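Trainee: Fold the following for me, if possible:
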Amino acid sequence: MKTLSKAVLRLHLLCIFFAIGSFVWGYHIGILSSVLVHPGFRRAMGYPTASEKGVITAIYYLGTWVSYIFVSHPVSDRLGRRYAALTGIVVVAIATAIEAGASGPGAYSMMIVGRVISGLGIGMISTSVPLYQSEVAPAGKRGKYVVLNHVGFVVGLASGFWVGYGVTFWSDSAYGQYVSWRFSLAINLVPSLIFGVGLPFLPETPRWLVEHGYYDRALRSLHWLREGSFTNEQIHAELARIRDDVEEYKGYTSWTMLFRDPNLFSRLWRASLLQFMAQMCGAAAMKYYLPTLLEKLGLSTRVALMAGGIESTLKIGMTIIEMLLIDRLGRRVTLVSGTLAMGFALLINGVLGQVYPSNTNRAADIVCVVFIFVYALGYSMGFGPAAWVYGSEIFPTAVRARGLNFSASGTSIGSIVAAQVWPVGIETIGSKIYFFFMAINFACIPIILLFYPETKGVSLEDMGTLFNSSQRHLSTHDNDGEGCSEPISAAAVPKPPGEDSHATV
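Mentor: Predicted coordinates:
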């Protein structure tokens, strides 16, 4: 049996730990879908209308948009990827306390404030986590490690559904109705605490350290991340490539360079459009309104929440499969395959809703539920993880945080639109709303095939060449795309990253 190197074990443990941050993000979304249908929550909020529920959902994405554009990238650039994630998790914890404590005449306003603040924090977490994973991973395995971000997200999403299902058994009394939905929100403080406490003890990414002139720390961090998988010469060569890339973009201090430099803009609009499409395909609305949607198909609230938990649990398996395939098949193949599955599932649901309106056929309702599951699996195979992988890897180090954050704002815009369109569409035109999102999914396929070059196996420092070229497909690079140079000097013998973990950043 092949023994795993120190580097492989360390990378897996690091990226799994960072996935706890994504778990907090996913749980925050998953639990709200059950809270929205909780009788105690509805009473506390003054029985909100479909439009008011849409505001509760969409206002969170306004917070993430503000974070992506104005907050997250300067925090990540100045403090580093670890401390950006730490800042984000503290903000999310504060927001969680506000949401769980919403009561009295101002309960709805408190919930809105909490949702906005949580969006600010999640904006930092959702970008710093894939940034970290992308910057510590070797090129040939980068997709796998960044997909761990989405694995954490869907585990959190599934946990939110199952906790929401569990608290329905606690809602029989007036006290249970008052407390249970608050408790389900507050549980997220536990993983938040674990994540926040552990972050300062992890190594910072070599690329951020080089960008800020900490070359000795960068070398030690890179050696710790590559030990046992790469030779000293290869590690030294990778560090030299990182330094060259940082020097090339050293003067790119203004965010306007993302728009003024043609090469950077070609990456920015692609990453932004990909994030926008990932939400306009219906995913944001499906995550939040799945229990409501299943109730429309005749399921009770409790059974609908259980079905949501099953659906989200299946997503975990599909995301793990995606993690194993994305570096073999590439980003484009997984994106197109997932989009096809989603579009077909939405087509079936739309047609059956028209043929058998008002739940007149039990078999048709069951088929609809099955294809909602198919839709979810398609998202976990494609847009869900791949959009974040793509956006986290195509920008140079000097503007990577800014590029990912600006492009992630496309997620916020798409989510705001989808979260508003879905509940109103279901109420007014019924199952015809599926055709709207189906058309968006099918329209995404030619866009991906025509405009998105394949990035699998391409080192972060070679992305400029890829996007400068008119060629849309590059041959797979070797493990890291790095050559060999002089060996590392004895003066630069690596020390465990914990020795640097409290150094001034």
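Trainee: Neighbours of residue 429, how many?
Mentor: Taking other C-beta atoms under 10 Å as the criterion, the count of residues near residue 429 is 12. (C-beta placed from N, C-alpha, C; glycine too.)
Trainee: quick one, phi/psi of it?
Mentor: When quoted as degrees, to the nearest 10, the phi and psi of residue 429 stand at phi -120, psi 0.
Trainee: That one and residue 46, how far apart?
Mentor: As judged by C-beta to C-beta, to the nearest Å, residue 429 and residue 46 stand 27 Å apart.
Trainee: Do I have it right that residue 103 meets residue 43?
Mentor: No. Counting by C-beta atoms under 8 Å, residue 43 is not a contact partner of residue 103; they are 10.6 Å apart.
Trainee: does residue 161 sit in a helix, a strand or a coil?
Mentor: Using DSSP: H, G, I helix; E, B strand; the rest coil as the criterion, the local structure at residue 161 reads helix.
Trainee: Would you agree it is in contact with residue 312?
Mentor: Yes. Counting by C-beta under 8 Å, a contact exists between residue 161 and residue 312, whose distance comes to 4.9 Å.
Trainee: if I look at those two, which residues touch both of them?
Mentor: Shared contacts of residue 161 and residue 312 (C-beta atoms under 8 Å, 6 or more residues apart in numbering): residue 30.
Trainee: Neighbour count for those two, which is higher?
Mentor: For residue 161 and residue 312, the more surrounded residue by other C-beta under 10 Å is residue 161, and the numbers stand at 29 against 26.
Trainee: Find me the pLDDT at the more buried one, would you?
Mentor: Per-residue confidence for residue 161 comes out at a pLDDT of 87.
Trainee: quick one: residue 131 and residue 402 touch, right?
Mentor: No. The pair residue 131 and residue 402 does not pass the contact test of C-beta under 8 Å, sitting 10.8 Å apart.
Trainee: pLDDT below threshold where in the stretch 1-150 of the chain?
Mentor: Scanning the stretch 1-150 of the chain for pLDDT under 70 picks out 1-3.
Trainee: for the stretch 251-400 of the chain, what spans make up the helices?
Mentor: For the stretch 251-400 of the chain, the helices defined by DSSP state H, counting those that start in this stretch cover 257-260, 262-280, 283-296, 301-329, 331-355, 362-381, 383-393, 400-428.
Trainee: Averaged pLDDT, the fourth one. What do you get?
Mentor: Looking at helix 301-329 alone, the average pLDDT works out to 87.
Trainee: Report the distance from that helix to the chain centre.
Mentor: 14 Å (C-alpha atoms, centre = their mean, to the nearest Å).
Trainee: what do you get for the second one?
Mentor: The gap between the average C-alpha position of helix 262-280 and the chain average comes to 15 Å, counting by C-alpha atoms, centre = their mean.
Trainee: shift numbering so it begins at 57
Mentor: Sounds good: first residue 57 from here, last item helix 318-336.
Trainee: on that earlier part again, look at residue 187 and residue 458 and report which has more neighbours.
Mentor: Taking neighbours as other C-beta under 10 Å, residue 187 and residue 458 compare with residue 187 leading, 33 against 24.
Trainee: what are the phi and psi values for the more buried one?
Mentor: With angles defined as degrees, to the nearest 10, residue 187 shows backbone torsions of phi -60, psi -50.
Trainee: how about it, what does it touch?
Mentor: Shown here is residue 187, whose contacts under the criterion C-beta under 8 Å, 6+ apart are 132, 137, 261, 448, 456-457, 460.
Trainee: same thing but 6 Å
Mentor: Residue 187 makes contact with 137, 448, according to C-beta atoms under 6 Å, 6 or more residues apart in numbering.
Trainee: Tell me the spacing between it and residue 84.
Mentor: On the measure of C-beta to C-beta, residue 187 and residue 84 end up 19 Å apart.
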